[in-house]
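Mind looking at a prediction? Sequence and model below.
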Amino acid sequence: MTSPGQQAERLAHRDQQMQEAEQLLGGMPQKTGVAKGLFQGRFVSDWVFPYPTIPAGQAAEVEAAVGELTRFCDAHLDPARIDREADIPREVIEGLGKLGILGMTAPVSVGGRGFSQMGYCRLLEVIGARCSSTAIFVNAHHSIGMRALLLFGTDEQKRMWVPDLVSGRKLAAFALTEAQAGSDAANVQTFATPSADGKGFVLNGEKRYITNGGIAGMLTVMARTPVPGSEKTAITAFLVSPDMPGFEVVEPRMQKLGIRGTATAKLAFRNMFVPRENVLGPLGKGLKVALTVLDFGRTTFGACCTGAAKTCLRLAVDYARDRRQFGRPLAEFELVQKKLALMAAWTYTMEAMTTVTAGLIDRGLEDYMLETAMLKVWSTERLWLIVNDAFQIHGGAAYFTDRPLERLLRDHRINQIGEGANEVLLSFIALVGMRGPGTRMKELYDSLKRPWRATATIAGFLASELHARVKRPAVPVRTPELRAQARELGALIRQLHISVQSSLVRHREEIVESQLVQERIAWLAMELFAAACALSRCDAELATGSRAMDAVAKLAISDSLSRARTARRELGSKDDRLIRVAGEQLAARS
């Protein structure tokens, strides 16, 4: 059992984390959105319906770029060689640079292609379908390594760095992870001390698991800086280059189970001076920089997973058609058909979620943190099931190195860990989603202490709660045959809100520690978001008379709705107490 001292330390650490989270979340301009609305029993339908598409003025250019990239990958991208030699050939990197892939979303004025996030995701899907190492390399360079510079850099910083980065003459990396900081991004221990002359900072610390870290020409480094006039510290982002004295590549290519082609490095900063003009964004606001950048990375992560899922599905379907057992093709057996059908359904939804989430970014919205976290968790968890099922359909043949599935198995296990461990993101999704309803309930509780002074607050809460509990949110499908599923989605959104309120009343402040409850609430919300995205896509396809994916699409919607119902039923499971007791006993053993 936890000792009183340990419990006090844990609560103090939790309070510190809550304060940091409140500081970050309190500055968000949007109080609602697609994901936040679900927790409030609302459906912000016009952000999902109609199904988003690439702007007409860019669609032809995107398709041309997809064609060019496809031909380049077919001719030059050899994933087996990259895995075997643990390196992405320089000619591949240079080729991607010439195609503009390394600067697709950067403004044209600085040498980029100016593509939308949705268009960029189409290209990352092409790479993700072929080589996970190359997909992660590109994502680390563009989606997180260079993105912070594009979003928060000064004009001078952009002029200095961006042209070389978009061309591929230099590569970018994002240096956040340390021995004690990864998913716990606020626990960065690398420290930047102001120099005596005030002209810059002196960095000391180590980073590890940094993709592109040993080959990058520019790195965005997160370090802790003192808060002026206070004993506190805050995280600041810095732009650094490997030619700065004190920069050390401790290990340029850490050996790994999968994604072997990526150059994953361990770095050190030994009294490394960084000029003040290399501070990226406001001093002490590096955590916001980091989390904003990760939103973009998680979106393209969804695109890469979609590409990989399509490859696994294609391999499984082809093998099931050709492989005969007991006098029949594997594809004729119902248990194999079940695997293939669910693989196709999950791939369909994954693509839809990626498109909708990228569309939120392209619309210029400022807060899509919940949606990108949902996309990352849902797509990586489903991809792992897809890889596993493709492996199972191939049987013993998949286990040998002359087939790509053993590489895919090794490559895609990292997805549930990278860019935020899924367990951490599940708690994040639940707690951020419940923040709005929780704040309103606290306001009501405070008002009830002096009801004669807060009649308007009490009346407003009761009216909105009555509306949320009685009225089912509308889901505006155009196709009559989808209306039953749309009504079920609306009913489940209402039930999510009721479940959130019940959980807050039951657990109160302890909801922060009730991770088993958080997990189920997060999955309930994620499956509703997934169902909404798949429903929007299916509705758009049926409205244009396209029925090529009819059965798959309907299964995709039904599967997510079914899993949402299961997550809701399991809230408050009787096994929770047994899980906690068993876990504490195991943790206490020496």
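Now that the structure is in, tell me what you want to look at.

Please report the confidence value the model assigns to the residue nearest to residue 188 when sequence neighbours are not counted.
Leaving aside its sequence neighbours, residue 188 sits nearest to residue 181 (C-beta to C-beta, 6 or more residues apart in numbering; 4.6 Å). Quick note: C-beta positions are derived from backbone N, CA and C, even for glycine. Per-residue confidence at residue 181 stands at 74 (pLDDT).

What of the one 3 residues further on?
The model reports residue 184 with a pLDDT of 74.

buried set for stretch 280-298?
Buried residues in stretch 280-298, defined by neighbour count with 16 or more other C-beta atoms under 10 Å: 280-281, 283-298.

now do stretch 94-109
Neighbour counts over stretch 94-109 (16+ other C-beta under 10 Å) mark 95-97, 99-106 as buried.

The residues you listed: which two are farthest apart?
For the buried residues of stretch 94-109, the maximum inter-member distance is 18.9 Å, found between 95 and 105 (C-beta to C-beta).

what does stretch 38-48 contact?
Here stretch 38-48 makes contact (C-beta atoms under 8 Å, 6 or more residues apart in numbering) with 32-34, 37, 356, 359-360, 363, 365, 433-434, 436-437, 468-469, 473-476, 489-490, 493-494, 496-498, 500, 525, 528-529, 532-533, 536.

one more time with 6 Å, if that's ok
Contact partners of stretch 38-48, identified using C-beta atoms under 6 Å, 6 or more residues apart in numbering, comprise 34, 37, 356, 433-434, 436-437, 468, 473, 476, 493-494, 496-497, 500, 525, 528, 532, 536.

One more: stretch 232-242?
Here stretch 232-242 makes contact (C-beta under 6 Å, 6+ apart) with 188, 218-222, 224-227, 274, 278, 280-281, 283-284, 286-287, 289.

Just the buried positions in it, please.
For stretch 232-242, the neighbour count (16+ other C-beta under 10 Å) marks 234-240, 242 as buried.

Restricted to strands, list these.
Of the buried residues of stretch 232-242, the ones assigned to strands by DSSP state E are 234-240.

Now pLDDT too, for the residues you listed, in CSV please.
Formatted as CSV, those follow (pLDDT from 0 to 100):
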residue, pLDDT
234, 93
235, 94
236, 96
237, 97
238, 98
239, 98
240, 98
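
Pick out whichever of those residues sits closest to residue 314.
residue 237 (40.6 Å).

residues contacting residue 274?
The contact partners of residue 274, taken as C-beta under 6 Å, 6+ apart, are 200-201, 203, 238, 240.

scratch that, residue 158 is what I was asking about
The neighbourhood of residue 158, defined by C-beta under 6 Å, 6+ apart, consists of residue 110.

Try it again at 10 Å.
Counting by C-beta atoms under 10 Å, 6 or more residues apart in numbering, residue 158 touches 106-107, 109-110, 149-150, 165.

go on, residue 92?
By C-beta under 10 Å, 6+ apart, the contact set of residue 92 is 72-73, 76-78, 81-82, 131, 134, 137, 261.

try 6 Å
By C-beta under 6 Å, 6+ apart, the contact list for residue 92 reads residue 76.

how far away is residue 35 from residue 354?
15 Å (C-beta to C-beta, to the nearest Å).

again, but for residue 372
Residue 372 is 10 Å from residue 354, by C-beta to C-beta.

Over to residue 339?
Counting by C-beta to C-beta - residue 339 and residue 354 are separated by 22 Å.

Of those two, which one has the most company?
Ranked by neighbour count (other C-beta atoms under 10 Å), residue 339 and residue 354 place residue 354 first, with 28 against 21.

Got the phi and psi for residue 219?
When read as degrees, to the nearest 10, the backbone of residue 219 gives phi -130, psi 140.

from the chain's centre, how far out does the top helix by length along the chain sit?
Longest helix of the chain, by residue count under DSSP state H: helix 286-322. From the chain centre to the centre of helix 286-322 is a distance of 10 Å (C-alpha atoms, centre = their mean, to the nearest Å).

for it, packing partners?
The elements that helix 286-322 packs onto, with contact taken as 3 or more C-beta pairs under 6 Å, 6 or more residues apart in numbering; DSSP states H and E, are helix 117-128, helix 147-152, strand 233-240, helix 334-362, helix 369-394.

same thing but at 7 Å, please
Helices and strands touching helix 286-322, by 3 or more C-beta pairs under 7 Å, 6 or more residues apart in numbering; DSSP states H and E, are helix 4-26, helix 117-128, helix 147-152, strand 233-240, helix 334-362, helix 369-394, helix 405-412.

okay, those, which one's buried deepest?
Highest mean neighbour count of these: helix 117-128, a mean of 26 (counted as mean count of other C-beta atoms under 10 Å).

what about stretch 69-84, start to end distance?
This stretch, stretch 69-84, spans 23 Å end to end (C-alpha to C-alpha, to the nearest Å).

Output the below-cut-off pLDDT ranges for the protein.
Residue ranges of the chain with pLDDT under 70: 1-31, 183, 443-470, 590.

all strands of it, in order?
According to DSSP E, the chain carries its strands in the segments 172-175, 191-194, 200-211, 218-226, 233-240, 247-251, 264-275, 279-280, 324-325, 328-329.

Within the sheet, what are the partner strands of the fifth one, with directions?
Meaning strand 233-240. Partners of strand 233-240 in the sheet, by DSSP bridges, are strand 218-226 (antiparallel), strand 279-280 (antiparallel).

okay if I get the ones you listed as TSV plus distance to residue 160?
Shown next, in TSV, are the strands paired with strand 233-240 (distance: least, C-beta to C-beta, whole Å):
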stretch	distance to residue 160
strand 218-226	9
strand 279-280	12
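
among the contacts of stretch 38-48, which ones are buried?
For the contacts of stretch 38-48, a burial check counting by 16+ other C-beta under 10 Å picks out 34, 37, 356, 433-434, 436-437, 468, 473, 493-494, 496-497, 500, 525, 528, 532, 536.
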